[in-house]
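Engineer: Using only what follows, build the 3D model:
(4 chains)
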2 protein chains.
Amino acid sequence: MNAILDSFDDISKAAPEPIYQQIKKTIQRRIESGDWIAGQKLPSENDLVVALDVSRMTINRALRELTQQGLIKRVHGLGSFVAEAPRHASLIELQDIALEIEQDGKHHSSQVLSLDTVAASPQIAAQLELPEGSQVYYLRAVHLQDGLPIQLESRYVNPLAMPEFIGQDFSGVTATAYLLQQFKPDEMEHRVRAVMPDRAQRELLAMEDGEPCLQLTRRTWSDDQVVTYVTLTYPGNRHELGARYATNEYQLR
Amino acid sequence: MNAILDSFDDISKAAPEPIYQQIKKTIQRRIESGDWIAGQKLPSENDLVVALDVSRMTINRALRELTQQGLIKRVHGLGSFVAEAPRHASLIELQDIALEIEQDGKHHSSQVLSLDTVAASPQIAAQLELPEGSQVYYLRAVHLQDGLPIQLESRYVNPLAMPEFIGQDFSGVTATAYLLQQFKPDEMEHRVRAVMPDRAQRELLAMEDGEPCLQLTRRTWSDDQVVTYVTLTYPGNRHELGARYATNEYQLR
DNA sequence: GCGCTATACTTGTATATACAAGTATGTTAC
DNA sequence: GTAACATACTTGTATATACAAGTATAGCGC
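Structural biologist: This is a model prediction of the structure:
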């Protein structure tokens, strides 16, 4: 146990860096170096109070923030433990096509192809977690960047969750923007595939023969209901998904 | 100003929920409802101490955690302000192919096609941020899931950053796993495209004619150097990228 | 007008203390 | 043996207090 506490040599109250930060970094280094392994018990707050001659609140703050960062886990009444190593996740950001285009300094427009109430096929009903044959809203639209088609939107909406959807005018706002305004999603599922477009899609996207598409499908939950199930199809040669991040700009809990 | 403080009616010291939580939620609701707009100044800690009859440390904790969550911004000596609304980001997780396959309960194997030192083409040199014609390491490998090819890896490695790379044996560990073990990336860039494979790729991936591929390219930085630039090619009909998240499992700062 | 200083207000950090509440263990009563 | 209880140790929260340090402003001296 003393060996563990010895790790905390270099805590200095005179240093310009706050004490709680120094404690955090010390622990963080030990964990990331693999020196302390997952599940291992950390010294208790009181142990550290004695060893470092620092107030318990200061130590509490350090450990609390490490917990928020996912490096350690704390159990009320039991102690603090090194957390399992997080999955190494890399992330791609997806956002509303209209925003994305306009951030590029280009002009976005869209064209609604259809907006109807239809009976859900078994497949669609399953995706929306509704009984087969339920009435659902179905929107089809093309999004253009400087006049060139760049995204095909095929969206099913759960009328129980979004009754107003059918009456909206989507020439001005995108359905994505409208829905995000209406509710706060609490769960999302994404899939990205490469597919060959059928002829109708190829024509709508003004694509050459033999060109593939990037296809993104997304389901969005709110209140344990699937609100919307959307398939976005992009011409493979005209669009790519991507992002660049500093690795501490995002966090997975 | 009083109108703002009136929002804090429902703070109860007797409630089972901690006071700092109640304060956080109250503020969070006001911000998310659009009631308080970006840039608006919040009451100071001392204002809240008086208004809520709560210790300053409790309020400090609430505001500090809201800052960590990105909902507010605090300026030392000035005050606390409602933060700009975060971009609405949705994320896809990418991870080592070997891990992904084995988490699926399937068997991963890989085959190194080549591992050489080559002169970087202008394009490759640019991606690696090296002078044209630099010597770089070049690895090509196929990854198989239960014997079926599922990923083609084409990786360039900066020898200045990873001199040991060329001497490794990648039949046991994947290059991804090896590199992640060697250094901690501090920045990453991802792109996802749909492409048609050339004949060599099609054969390596055992694909039918006319099938598209999902192509992911990634650049990884450490110490402001590009360490590796990799292109991963997946058969479109055999693999998709995806993830499902509760929206508060990730966070973008 | 210009520059300096004093002042008031803000957030940031650290401490000492207190009590609540969860977990595990040992002990006692039956 | 088993159930109830006591105890020791842990984290979780809340308070009162103190000082440091950043920002803006008012007022003063010149």
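
Engineer: Please name the residues that touch the residue nearest to residue A:37 when sequence neighbours are not counted.
Structural biologist: Of all residues not flanking residue A:37 in the chain, residue A:82 sits nearest, at 6.4 Å (C-beta to C-beta, 6 or more residues apart in numbering or on different chains). For glycine as for every other residue, the C-beta is placed from the backbone atoms N, C-alpha and C. Applying C-beta atoms under 8 Å, 6 or more residues apart in numbering or on different chains to residue A:82 gives the contacts A:31, A:36, A:37, A:38, A:39, A:40, A:42, A:71, A:72, A:73.

Engineer: swap in residue A:210?
Structural biologist: Neighbours of residue A:210 in contact, by C-beta under 8 Å, 6+ apart: B:196, B:210.

Engineer: Could you do residue A:62 as well?
Structural biologist: Applying C-beta under 8 Å, 6+ apart to residue A:62 gives the contacts A:20, A:21, A:23, A:24, A:27.

Engineer: Next SSE downstream of the strand or helix carrying it?
Structural biologist: Following DSSP states H and E, one finds residue A:62 within helix A:56-68. Scanning forward in sequence from helix A:56-68 by DSSP H and E, the next helix or strand is strand A:72-75.

Engineer: what comes up buried for stretch A:232-239?
Structural biologist: A:232, A:233, A:234, A:235, A:236, A:237, A:238, A:239 (16 or more other C-beta atoms under 10 Å in any protein chain shown).

Engineer: now stretch A:95-115
Structural biologist: Using 16+ other C-beta under 10 Å as the test for burial, stretch A:95-115 gives A:96, A:97, A:98, A:100, A:101, A:108, A:110, A:115.

Engineer: Show me what the mean pLDDT comes to for it.
Structural biologist: Mean pLDDT, computed over stretch A:95-115, is 89.

Engineer: Could you do stretch A:145-159 as well?
Structural biologist: For stretch A:145-159, mean pLDDT rounds to 94.

Engineer: likewise stretch A:41-50?
Structural biologist: Stretch A:41-50 shows a mean pLDDT of 96.

Engineer: Is it in proximity to DNA strand D?
Structural biologist: Yes: using C-beta under 7 Å from any atom of the strand, stretch A:41-50 reaches DNA strand D at A:42, A:44, A:45, A:46, A:47.

Engineer: these two touch, right, the fourth one and residue A:56?
Structural biologist: Yes: counting by C-beta atoms under 8 Å, residue A:46 sits close enough to residue A:56 to count as a contact (7.0 Å).

Engineer: what ranges of chain A fall below the confidence cut-off?
Structural biologist: Along chain A, the model assigns pLDDT under 70 to residues A:1-7, A:86-93, A:242-243, A:245-253.

Engineer: In a markdown table: the buried residues of stretch A:232-239, plus secondary structure.
Structural biologist: Shown next, in a markdown table, are those (DSSP: H, G, I helix; E, B strand; the rest coil):
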| residue | secondary structure |
| --- | --- |
| A:232 | strand |
| A:233 | strand |
| A:234 | strand |
| A:235 | strand |
| A:236 | coil |
| A:237 | coil |
| A:238 | coil |
| A:239 | coil |
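
Engineer: Can you name the two of these that sit furthest apart?
Structural biologist: Using C-beta to C-beta, the two most remote members of the buried residues of stretch A:232-239 are A:232 and A:237, lying 16.2 Å apart.

Engineer: returning to that earlier point: and the contacts of residue A:82, which are buried?
Structural biologist: Buried members of the contacts of residue A:82, scored by 16+ other C-beta under 10 Å, are A:31, A:36, A:42, A:71, A:72, A:73.
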